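J.: here's a sequence, model it:
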Amino acid sequence: MCGIAGFIDPNVDKGEFFINKMMNSISHRGPDSRGYFEDSELGVYLANTRLSIIDIAGSHQPIIDNELGKVLVFNGEIYNFKELREELKLNGYKFHTDGDSEVIIKAHDYWGNEAPQKFRGMFAYALWDVKDKKLSLVRDHFGVKPLYFFKKNKTFIFGSEIKSILCHDQVDKLINNQSVMDCLNLRYLSSNESMFQNINKVPSGSILQIQSEEMSLHKYYQTNLKIDHTKSKSYWINGIRDRLDNAVDYSTTSDVDIGLFLSGGLDSTSILGTLKNLGHESIQCFTVAFNEPTDENKFAEKTANYYGYQHETIFAEKNTISNLPLAIFHCEEPKINSLQGMILSSSVSKRVKVALGGIAGDELFGGYWHYQFLRCFQYISFLSGLTNFNLLDKVRNSLNPLNGNFSFDKYKRVMQMALSLHQPEVFYGISRNCWDLNEDAKKNFFDQKFLDLQSYNPSLREYQDIFHKTYGTVLEKGMFAEFMLKLRDDFLVNDDRTSMAYSLETRPVFLDKDLADFAMRMPGKNKISSTLELRPLFKEIISDRVPDFVLNKPKWGFAINPVEQWDKDLKSAASSFLTKKRVLDLGYIKWDIVKKLINLPTHKKYLWHYGIVWQLISLHLWFEIFINGKYPNESSLLKDYY
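T.: Just a heads-up that it's a prediction; the model follows:
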């Protein structure tokens, strides 16, 4: 695991200065060693900061293959590299290291742009072809590892994090106002854009190539929704079980000790049970607790003891929100669900270098409660044909949340869902907090000066094609959309940034390509039953390796409860940080709305509203950090920004 960065700038006269500055900005991603390649005549620089996991003594980067004329900087792990290396040896290739990095170079020489399709793992890398003067940026199948780029005239810059791109003097900090709109609606950026204009993500499953100043995109892998209704129940049970075994086995590829993020829920426990079945005796389990009623540390400890593994609880400080500046700095987006990862990783990184996690299990097998709404949709959607769509839209749009008495907003949102039977993407979006369903809602919340800056696309724009141009039930489409968008652009961003902030590699076991591809073909009825039971088939699949007290446990997960947090420090932080001057100076949100939200009492019916307040704090804090340049250090607290 590493951080990578680099640029092509034929006119650069301070190349060494910029590349060192870029490496410094991502040193937390790889503190073990660092290095860079340069071709000063062409203005080509490739850099790497390394966290040594595989072939610790060798595989120092950049990897330079003089015989093939290729240079590589690589972030991630290729779990099946030993198999690929043997195949490449049979085809005449010689190796000088024992790691996975060199395999990437030889694989590209042999298979060309189809090489990434053969990799099992998580990866983002840059490959420079010295002979053809071509740079290839490659991102893994599902977007586990981040990779950003910037292009302006003849200058092209890339990096694992935006911070490294901002180090170059050709980059202007221009705000992407569409991203501001999106993050306040979805609480993440569901696109390949960023908070900055002209800084974008390399799409998952893609190769972005730069040659002679021309940029082209090659899609080597396409995730499709192809439900298979012809297979028997036993086919799915045996297929998932075998692939889960392989995924867990591959994810333990390492030359250092490995830990596990354990909530005591189905996903992390199924990994733990599989590790036990595979004969792994030394796994350290870690859980985070917030001194709240929904804490799962006692349950996780019971689960670890059941298998005979070590367990440790990481306790959060009482004033959790105070740590938000560092979380926003590392995530580089205004996010509200990153603190738990920061708290956990900061301690776990002192024990191990690698931690397995159960992320993506819910999306693949049906673990979220709002999937029950999507299952119900197919039972009642026929009603949409009995009325006038225009009438439904008119009534729904009149029920703007955040307009009037907040006590009724919860019921307004339920009614909006009921009136969206003819628009499944809207039905889904409301279940996932989106609220800007029409111009009136936007005008009620956003300052008119912000709305006048440009025309804005709907925050649900990326969901429309999935719901209207793919085959499947609304449940299957919704779960697919969740996998393709929210998982990639929200949860995986949190997972990578909060762990790598402390030089900890996290591995999402369920995002093994073979396991995920297979699971996405499974019909939705096996994921949410007709009686609305969550994950019925998955429970059956893992029943022989997971105890009954886990199978029957209610779901919560590594989450902070906003209602509990409101009393602890969220309300006081909002009152101190979201001042009238700060809100008006930024000029994005109406102060009257902010004031009403801050003055809300404590009640579980305002759970959704507390999330909006948290998101508003994060947005204003993002501006303080990345636009005003008030960068935090390890000891910075939110009160330092009051």
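J.: do you know how far the residue nearest to the spatial centre of the chain is from residue 617?
T.: In the chain, the residue lying closest to the centroid (Cα atoms, centre = their mean) is residue 492, at 2.0 Å. Going from residue 492 to residue 617 by Cβ to Cβ, to the nearest Å gives 23 Å. (Glycine included, C-beta is placed from N, CA and C.)
J.: ditto for residue 524
T.: From residue 524 to residue 617 the distance is 37 Å (Cβ to Cβ).
J.: and what of residue 397?
T.: Relative to residue 617, residue 397 is positioned 29 Å away (Cβ to Cβ).
J.: out of those two, which sits in the more crowded spot?
T.: residue 617 (23 against 15; other Cβ atoms under 10 Å).
J.: okay, buried residues for the helix or strand the more buried one falls within please.
T.: Using DSSP states H and E, residue 617 maps to helix 607-622. Buried residues in helix 607-622, counted by 16 or more other Cβ atoms under 10 Å: 608-622.
J.: and it, what does it pack against?
T.: Judged by 3 or more Cβ pairs under 8 Å, 6 or more residues apart in numbering; DSSP states H and E, helix 607-622 is in contact with helix 177-186, helix 324-331, helix 409-418, helix 562-565, helix 571-577, helix 580-586, helix 591-598.
J.: out of these, which gets nearest to residue 509?
T.: helix 324-331 (22.4 Å; Cβ to Cβ).
J.: quick one on the thing from earlier: could you dump the helix holding residue 617 to CSV, C-alpha only?
T.: C-alpha atoms of helix 607-622 as CSV (Å, rounded to 0.1, in the frame of the first residue of the first chain):
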residue,chain,number,x,y,z
LEU,A,607,-32.5,12.6,13.4
TRP,A,608,-32.5,13.7,9.7
HIS,A,609,-32.2,17.4,10.6
TYR,A,610,-29.2,16.7,12.9
GLY,A,611,-27.5,15.1,9.9
ILE,A,612,-28.1,18.3,7.8
VAL,A,613,-26.6,20.4,10.6
TRP,A,614,-23.5,18.1,10.7
GLN,A,615,-23.2,18.4,6.9
LEU,A,616,-23.4,22.2,7.1
ILE,A,617,-20.6,22.3,9.7
SER,A,618,-18.5,20.0,7.4
LEU,A,619,-19.1,22.2,4.4
HIS,A,620,-18.1,25.4,6.1
LEU,A,621,-15.1,23.6,7.7
TRP,A,622,-14.0,22.4,4.3
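J.: run the chain-centre distance for that helix.
T.: Distance of helix 607-622 from the chain centroid (Cα atoms, centre = their mean, to the nearest Å) equals 19 Å.
J.: same question for stretch 257-269.
T.: Worked out by Cα atoms, centre = their mean, stretch 257-269 lies 18 Å from the chain centre.
J.: which residues touch stretch 454-465?
T.: 177-178, 181-182, 185-186, 190-191, 425-426, 428-429, 434, 436, 442, 481, 485 (Cβ atoms under 8 Å, 6 or more residues apart in numbering).
J.: try it again at 10 Å.
T.: Residues outside stretch 454-465 that contact it (Cβ atoms under 10 Å, 6 or more residues apart in numbering): 177-178, 180-186, 189-192, 423-426, 428-430, 432, 434-439, 442, 446, 450, 467, 477-478, 481-482, 484-486, 489.
J.: looking at the residues you listed, which are in helices?
T.: Counted as lying in helices by DSSP state H, out of the contacts of stretch 454-465, are 177-178, 180-186, 424-426, 428-430, 439, 442, 450, 467, 477-478, 481.
J.: list the strands paired with the helix or strand containing residue 125, with their directions.
T.: Assessed by DSSP H and E, residue 125 sits inside strand 121-129. Pairing partners of strand 121-129, with direction, according to DSSP bridges: strand 70-78 (antiparallel), strand 134-139 (antiparallel).
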